[in-house]
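Q: sequence isn't available, so here's the structure alone:
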């Protein structure tokens, strides 16, 4: 696979005010909803600007990275999966918000599955306990004279 | 680089990132060359990890190790000491 690079990028090294405003606005909503805790900006080895959105404590994992390579914006998740590529800043903001929503939905789904499994486990244990109590109730009168 | 809050997890990942950067330097590779070796479309994830914001995913640790020319087991063990120090302690430091 060929890694995409953009030699001679137009605005190298730092974010423009309009770009940062877009990312900060997107981040503020995520932070307010508890989906993110903070954000950072940085650069790559080739001085391409990056914006990192950090998840909630205790892990503080990176949940979204926006990078600008030449005129192309790339959104990746914390595992390096490319979620979106575009040279349209407005579209990028929308996609970033959508990616955060998908992430939240995925977390809710995982919690729901875990809760379901736990409930099933508890129900099985309760049923087994009920059977044991029934058995004791059945034999107890017969065993009582022997004690 | 703007650093809003210094948290232990971020610091540990930063240490891991510095270590990875050092390994890459020793291997004489650029971030782009490492991304190429790993089959990534963009090299930006390498920067995310080296800056201490992302982690090397467990499933690609072996590929990273081989690309950087180091032993995969030692590589994974070193990363675990940064990413999950308690698990590393239980696995490798507690006396049996």
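A: That came in fine, so what should we check first? Small disclaimer: the values here were computed from a predicted structure and weren't measured. Numbering: from 1, shown residues only, chains lettered A, B, ... in the order given.
Q: can you list phi and psi of residue B:71 for me?
A: phi -70, psi 130 (degrees, to the nearest 10).
Q: now the longest helix belonging to chain B: buried residues?
A: Longest helix in chain B by number of residues, with DSSP state H as the criterion: helix B:8-26. The neighbour-count check on helix B:8-26 (16 or more other C-beta atoms under 10 Å in any protein chain shown) flags B:9-10, B:12-14, B:16-17, B:19-21, B:23-24 as buried. (Glycine included, C-beta is placed from N, CA and C.)
Q: can you give me the pLDDT of residue A:67?
A: Residue-level confidence at residue A:67 comes out at 95, pLDDT.
Q: burial count for residue A:32?
A: Residues near residue A:32, counting by other C-beta atoms under 10 Å in any protein chain shown, number 9.
Q: so who does it touch?
A: If a contact means C-beta atoms under 8 Å, 6 or more residues apart in numbering or on different chains, then residue A:32 has no contacts.
Q: now the host helix or strand of residue A:99: mean pLDDT?
A: Using DSSP states H and E, residue A:99 maps to helix A:89-143. Mean pLDDT, helix A:89-143: 66.
Q: try stretch A:37-48
A: The model assigns stretch A:37-48 a mean pLDDT of 94.
Q: and it, what's buried?
A: Applying 16+ other C-beta under 10 Å to stretch A:37-48 flags A:37-44, A:46, A:48 as buried.
Q: over to stretch A:19-29?
A: A:19, A:22-23, A:26-27.
Q: the buried residues of stretch A:37-48: which ones sit near chain B?
A: A:37-44, A:46, A:48 (C-beta under 8 Å from any C-beta of the partner chain).
Q: could you pull out the helices in chain B for me?
A: B:8-26, B:31-38, B:44-50, B:61-68, B:72-83, B:85-92.
Q: of the buried residues of stretch A:19-29, which pair is most distant in space?
A: A:19 and A:27 (12.5 Å; C-beta to C-beta).
Q: any residue of the longest strand along chain A touching chain B?
A: Scanning chain A for the strand with the most residues, using DSSP state E, yields strand A:62-69. Yes. Counting by C-beta under 8 Å from any C-beta, chain B is contacted by strand A:62-69 at A:62, A:65, A:67, A:69.
Q: counting neighbours, which of those residues comes out on top?
A: That'd be residue A:62 among those, by other C-beta under 10 Å, with 28 neighbours.
Q: that one reaches residue A:42, doesn't it?
A: No. Using C-beta atoms under 8 Å as the test, residue A:62 is too far from residue A:42 to be in contact (10.8 Å).
Q: before we move on, back to that, how about CSV for the ones next to chain B among the buried residues of stretch A:37-48, with secondary structure added?
A: Output for those, formatted as CSV (DSSP: H, G, I helix; E, B strand; the rest coil):
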residue, secondary structure
A:37, coil
A:38, strand
A:39, strand
A:40, strand
A:41, strand
A:42, strand
A:43, strand
A:44, coil
A:46, coil
A:48, coil
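Q: overlap of the contact sets of residue A:62 and residue A:42?
A: A:52, B:53.
Q: report the contact partners of whichever residue of chain B sits closest to chain A.
A: Chain A sits closest to residue B:45 of chain B, with a gap of 3.4 Å, by C-beta to the nearest C-beta. Shown in contact with residue B:45 (C-beta under 8 Å, 6+ apart): A:65, A:76, A:80, B:35, B:54.
Q: kind regards, and thank you for your time.
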